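Visitor: Task: produce atomic coordinates for the following.
(one chain, ligands or ions: 1)
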Amino acid sequence: MNSSHTAESNAQDQKSKEPVFRTEDLNIYYGDFLAVRGVSMEIQPRKITAFIGPSGCGKSTLLRCFNRLNDLIPSFHLKGKAYYHDQDLFADDVDPVAVRRRIGMVFQQPNPFPKSIYNNIAYGARVTGMQIDDMDELVEKSLRQAALWDEVKDKLGANGLSLSGGQQQRLCIARAISTTPDVILMDEPCSSLDPISTLKVEDLLQELTNDYTIVIVTHNMQQATRVADETAFFNAEASDDGKRYGFLVEYGPTERIFSQPQEESTQRYVSGRFG
Ligand SMILES: Nc1ncnc2c1ncn2[C@@H]1O[C@H](COP(=O)(O)OP(=O)(O)OP(=O)(O)O)[C@@H](O)[C@H]1O
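Guide: Down below sits the predicted model:
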């Protein structure tokens with residue numbers, strides 16, 4: 001191998017290890033209410049990062065910043081910085097639609113379009129303006145990646161809403177994958193699913209980390225330990241005016257956060273002694 005080739009692959013290796021997201025002293029507001037205070041963190045590529053913490057500590061608020069979904073809330077604004085790779089996510093020239101194509105989202109309640117299984121993928125890909133040469137191929141590939149193909153290949157014309165909840169959620173994951181994103185954000189994706197469907201989605205998440213970076217909000221401690229490489233624990237604290245703001249307590253490899261947390265509040269939360 002010649003030296004320029006080596007330098008090129010080293011540069012690529014380096015790039016593939018660089019954080020996907022980086023926040024610097026990020027403060028997120030709804031009107032004058034500071035919902036999340038001073039978050040500085042990095043999200044690593046091709047890993048699953050879990051956000052855990054009690055209700056109202058700002059996990060979803062932070063997650064939604066990463067694909068600019070909070071933009072849809074008029075009172076939302078922020079101070080500090082959030083970078084996607086080296087791009088300031090909130091710079092004036094950044095197109096939120098383009099951001100959402102690279103950074104997909106799966107929600108708590110499965111929300112397939114009231115259209116055929118096929119068109120859930122096809123329509124999802126078209127609305128983001130993708131140029132697609134072979135739609136059948138894209139539909140099959142996305143459904144295979146979401147571990148749903150074998151269950152639906154003979155009924156692609158059936159309505160997405162006719163599937164079970166677990167299948168609907170995997171259809172939503174297939175739809176998110178179809179736009180070949182870099183990142184998939186998931187806000188409690190299993191909270192409405194039964195245990196068997198939950199395990200199927202969790203298995204799928206492990207598969208997906210070969211190709212995608214995943215950030216998942218979960219209230220399920222076992223789920224975080226089962227799927228996440230890294231875990232961030234958030235908490236909420238009352239300020240002088242009595243309002244509660246969320247903040248990042250600690251962040252690190254999941255095993256450490258659960259077995260040797262550095263903070264007392266993390267210890268109490270992960271062992272179920274909270275409140
Ligand atoms: N659209 C909004 N307008 C005003 N305040 C909001 C809005 N969305 C969330 N909040 C407030 O921001 C804070 C953080 O909410 P968020 O939903 O991010 O917390 P969370 O940790 O994800 O909670 P949960 O685990 O219950 O989903 C809460 O005090 C919440 O009431």
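Visitor: by contact count, what packs against the host helix or strand of residue 80?
Guide: In this assignment (DSSP states H and E), residue 80 forms part of strand 76-84. If you count contacts as 3 or more C-beta pairs under 8 Å, 6 or more residues apart in numbering; DSSP states H and E, strand 76-84 packs onto strand 21-30. (Each C-beta comes from the backbone N, C-alpha and C, glycine too.)
Visitor: how about the strand holding residue 80: buried residues?
Guide: By 16 or more other C-beta atoms under 10 Å, the buried positions in strand 76-84 come out as 76, 78, 80, 82-84.
Visitor: Which member of these is positioned nearest the ligand?
Guide: Comparing the buried residues of strand 76-84 against the ligand with C-beta to the nearest ligand atom places residue 76 closest, at 7.1 Å.
Visitor: nearest residue to residue 262 other than its sequence neighbours?
Guide: Nearest non-adjacent residue to residue 262, counting by C-beta to C-beta, 6 or more residues apart in numbering: residue 250, 5.6 Å away.
Visitor: Report the contact partners of that neighbour.
Guide: Contacts for residue 250 (C-beta atoms under 8 Å, 6 or more residues apart in numbering) come out as 232-233, 257, 261-263, 266.
Visitor: how about the residue in the stretch 151-275 of the chain positioned nearest to the ligand, what does it touch?
Guide: Using C-beta to the nearest ligand atom, residue 246 is the residue of the stretch 151-275 of the chain that sits closest to the ligand, at 5.6 Å. By C-beta under 8 Å, 6+ apart, the contact set of residue 246 is 35-37, 53, 56-59, 61-62, 234-236.
Visitor: Go back to the residues you listed and keep what's next to the ligand.
Guide: The residues of the contacts of residue 246 that also fall near the ligand, by C-beta under 6 Å from any ligand atom, are 35, 53, 56-59, 61.
Visitor: Buried among these? Make that a ChimeraX selection.
Guide: The buried residues among these can be selected in ChimeraX (16+ other C-beta under 10 Å) with this line:
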select :35,53,57,58,59,61
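Visitor: follow-up on the earlier one: name every strand pairing with the strand holding residue 80 and say which way it goes.
Guide: Paired neighbours of strand 76-84 in the sheet (DSSP bridges): strand 21-30 (antiparallel), strand 87-88 (antiparallel).
Visitor: Do I have it right that residue 49 meets residue 215?
Guide: Yes: applying C-beta atoms under 8 Å, one finds residue 49 in contact with residue 215, separated by 4.9 Å.
Visitor: So residue 108 sits against residue 185, correct?
Guide: No: using C-beta under 8 Å as the test, residue 108 is too far from residue 185 to be in contact (11.9 Å).
Visitor: which residues pair with the closest residue to residue 78 other than its chain neighbours across the strands?
Guide: Leaving aside its chain neighbours, residue 78 sits nearest to residue 28 (4.9 Å; criterion: C-beta to C-beta, 6+ apart). With DSSP bridges applied, residue 28 shows beta-bridge pairing to residue 36, residue 78.
Visitor: From the ligand, how far out is residue 28?
Guide: Going from residue 28 to the ligand by C-beta to the nearest ligand atom, to the nearest Å gives 8 Å.
Visitor: Can you report how many residues lie near the spatially closest residue to residue 243 that is not a sequence neighbour?
Guide: In space, and not counting its chain neighbours, residue 243 is closest to residue 33: 6.1 Å by C-beta to C-beta, 6+ apart. Using other C-beta atoms under 10 Å, residue 33 has 13 other residues around it.
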